[in-house]
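Trainee: Here you go, sequence then predicted model.
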Amino acid sequence: MTAENAAGAANVLVVLSGGPGGAGESLTKAQLELLAAGRLLGTVSAASTAPVSEGARAQLAENGVAAVYTPEGADLSAYLVGPTAAWLADVVSAVGADGGGHAAFGVIVLDNSSEGKEAAGRLGVRLGAGVVTDVVGLETDGTAHKSVLAGSYQVRARATSPVAILTLKPNSVEAAPADAPGLATITPVAVPEASLARAARVVARTDKPASGRPELTEANIVVSGGRGTDGDFGPVEELADVLGAAVGASRAAADAGWVSHDLQVGQTGKTVSPQLYVAAGISGAIQHRAGMQTSKVIVAVNSDPDSPIFEIADFGVVGDVFKVLPQAAAEITRRRG
Ligand SMILES: Cc1cc2nc3c(=O)[nH]c(=O)nc-3n(C[C@H](O)[C@H](O)[C@H](O)COP(=O)(O)OP(=O)(O)OC[C@H]3O[C@@H](n4cnc5c(N)ncnc54)[C@H](O)[C@@H]3O)c2cc1C
């Protein structure tokens, strides 16, 4: 079996890191996108790295998932990525080999987080599989589109190995509903004990304080601030809250310590593709654009009329963020009554 026909008529394994919703509950938008991407390529099964609740199983069935593999005998969330990769390799071999001795899964799809990419790399070594990261689009034959050099170019890549492993960026594939439901039969697969012995354990966790705002990569509206805020994100947060938006930032703002690096949008930050992206005091460097240029409508607020952000903005306001953002927030509030 080649990657070409593997992808064409593939059995696809979609990895749900931390389980549906990260806690075995409802699927997130990003997970729905992974499943939709899997369905583009073939018949989808899911490997959930945490136990799956009955409600989540029903949701997986609705999304056309044939089988759901869950870990047995160990809590994968208590370790760094090593045991997850070993367990995924066992899931692949548990599903068996076809008559020609080839793996039953032709494509494995993971999220593009740092853990997803590390798991993909380790799994690639175990399975002798080609790995394509930073995938932003897929063709039905398994060809992946990958954004490179800060979004300046897109390359098309396809693994030539029997199994292809892809890590998909959020907002790259529409989370369309499945044409037909699947059985979503739960099949526990033991976590290989040997993988635990040598693994790094998580000894403590600190919950991130909840902002009450939508998750950056899933939000319909994002308001981002840059160096032009001079460290005062108050107007950015105020406008975001009026719009029910997530707050984002340029790397300059995150590096300055004004906001957490979690909020960084761009080549080395998060990729967002909301309905509306407001860039406030952001110059529009190519590395920032790489994370937001597929937003449906881009509004830029910048005091410099020659700022490159205006080249990609649908609407531009030449002005001071400290004047424009509060006025916009006040007007939106007034119109809403
Ligand atoms: C390998 C690499 C990876 C990178 N990855 C990323 C990334 O992921 N994300 C990212 O964002 N950057 C990234 N960068 C950095 C990137 O090149 C830029 O340096 C950065 O995006 C600039 O941030 P900025 O637009 O906030 O700041 P600046 O470029 O300094 O722009 C500030 C803007 O604010 C405007 N301004 C100033 N005062 C006001 C005001 N009062 N009202 C309105 N406008 C005002 C200015 O006119 C200016 O346009 C990366 C760089 C490298 C080399």
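Mentor: Perfect, thanks for sending it.
Trainee: The closest residue to the ligand within the stretch 1-150 of the chain and residue 270, how far apart?
Mentor: Nearest to the ligand in the stretch 1-150 of the chain, going by CB to the nearest ligand atom, is residue 150, at a distance of 6.9 Å. (Each C-beta comes from the backbone N, C-alpha and C, glycine too.) Residue 150 sits 14 Å away from residue 270, taking CB to CB, to the nearest Å as the criterion.
Trainee: how about the residues of this protein near the ligand?
Mentor: Within the chain, the residues that sit near the ligand (CB under 6 Å from any ligand atom) are 226-228, 250-253, 264-269, 281-283, 285, 287-288, 291, 301-304, 307, 320-322.
Trainee: now the residue of the stretch 1-150 of the chain closest to the ligand, what's its secondary structure?
Mentor: Counting by DSSP: H, G, I helix; E, B strand; the rest coil, the backbone at residue 150 sits in coil.
Trainee: since we're on it, how many residues are nearby?
Mentor: 16 (other CB atoms under 10 Å).
Trainee: quick one: the helices in the protein?
Mentor: Using DSSP state H, the helices of the chain run over 3-8, 29-41, 54-62, 81-94, 114-127, 193-197, 234-243, 251-255, 286-289, 309-312, 321-336.
Trainee: export those to CSV and tack on mean pLDDT and mean neighbour count?
Mentor: Shown next, in CSV, are the helices of the chain (pLDDT from 0 to 100; neighbours: other CB atoms under 10 Å):
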stretch, mean pLDDT, mean neighbour count
helix 3-8, 39, 19
helix 29-41, 95, 24
helix 54-62, 95, 18
helix 81-94, 95, 22
helix 114-127, 96, 18
helix 193-197, 92, 13
helix 234-243, 97, 20
helix 251-255, 98, 20
helix 286-289, 95, 20
helix 309-312, 97, 17
helix 321-336, 96, 15
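Trainee: Out of those, which gets nearest to residue 210?
Mentor: Ranking the helices of the chain by proximity to residue 210 (CB to CB) places helix 234-243 first, at 14.0 Å.
Trainee: Can you give the contact residues for the closest one?
Mentor: 213, 221-225, 229, 245-247, 276, 278, 280, 321-322, 325-326, 328-329, 332-333 (CB atoms under 8 Å, 6 or more residues apart in numbering).
Trainee: run the last query once more with 6 Å
Mentor: With contacts defined as CB atoms under 6 Å, 6 or more residues apart in numbering, helix 234-243 is touched by 221, 223, 225, 247, 280, 321-322, 325-326, 328-329, 332-333.
Trainee: From those residues, pick the one nearest the ligand.
Mentor: When the contacts of helix 234-243 are compared against the ligand (criterion: CB to the nearest ligand atom), the nearest one is residue 321, at 3.9 Å.
Trainee: Give me the distance between residue 226 and residue 309.
Mentor: 9 Å.
Trainee: Quickly list what's touching both of those two.
Mentor: residue 282.
Trainee: in stretch 294-307, what counts as buried?
Mentor: For stretch 294-307, burial by neighbour count (16 or more other CB atoms under 10 Å) applies to 294-295, 298-302, 307.
Trainee: Show the end-to-end separation of that stretch, please.
Mentor: 19 Å (CA to CA, to the nearest Å).
Trainee: what separates it from the chain centre, distance-wise?
Mentor: Stretch 294-307 has its C-alpha centroid displaced from the chain centroid by 25 Å (CA atoms, centre = their mean, to the nearest Å).
Trainee: Averaged pLDDT, it. What do you get?
Mentor: The pLDDT scores in stretch 294-307 average 96.
Trainee: related to what we said a few turns ago, in CSV: the helices of the chain, plus distance to residue 68.
Mentor: Listed next are the helices of the chain as CSV, based on distance: least, CB to CB, whole Å:
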stretch, distance to residue 68
helix 3-8, 21
helix 29-41, 11
helix 54-62, 6
helix 81-94, 11
helix 114-127, 18
helix 193-197, 21
helix 234-243, 36
helix 251-255, 37
helix 286-289, 38
helix 309-312, 41
helix 321-336, 43
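Trainee: Of all the ones you listed, which one is nearest residue 73?
Mentor: Nearest to residue 73, of all these, is helix 193-197, at 7.6 Å by CB to CB.
Trainee: Could you name the helices and strands sitting against that closest one?
Mentor: Applying 3 or more CB pairs under 6 Å, 6 or more residues apart in numbering; DSSP states H and E, one finds that helix 193-197 contacts helix 81-94.
Trainee: Show residues contacting the helix it packs on.
Mentor: 47, 49, 69, 71, 76, 103, 105, 115, 118-119, 122-123, 126, 189, 191-192, 195-196, 199.
Trainee: try it again with 7 Å
Mentor: Helix 81-94 is contacted by residues 13, 15, 47, 49, 69, 71, 74, 76, 103, 105, 115, 118-119, 122-123, 126-127, 189, 191-192, 195-196, 199 when judged by CB atoms under 7 Å, 6 or more residues apart in numbering.
Trainee: what's the burial count for residue 104?
Mentor: For residue 104, using other CB under 10 Å, the count is 17.
Trainee: quick one: it from residue 162, how far?
Mentor: Distance from residue 104 to residue 162, counting by CB to CB: 11 Å.
Trainee: Could you do residue 215 as well?
Mentor: 36 Å.
Trainee: of these two, who's got more company?
Mentor: For residue 215 versus residue 162, neighbours defined as other CB under 10 Å are more numerous around residue 162 (20 against 14).
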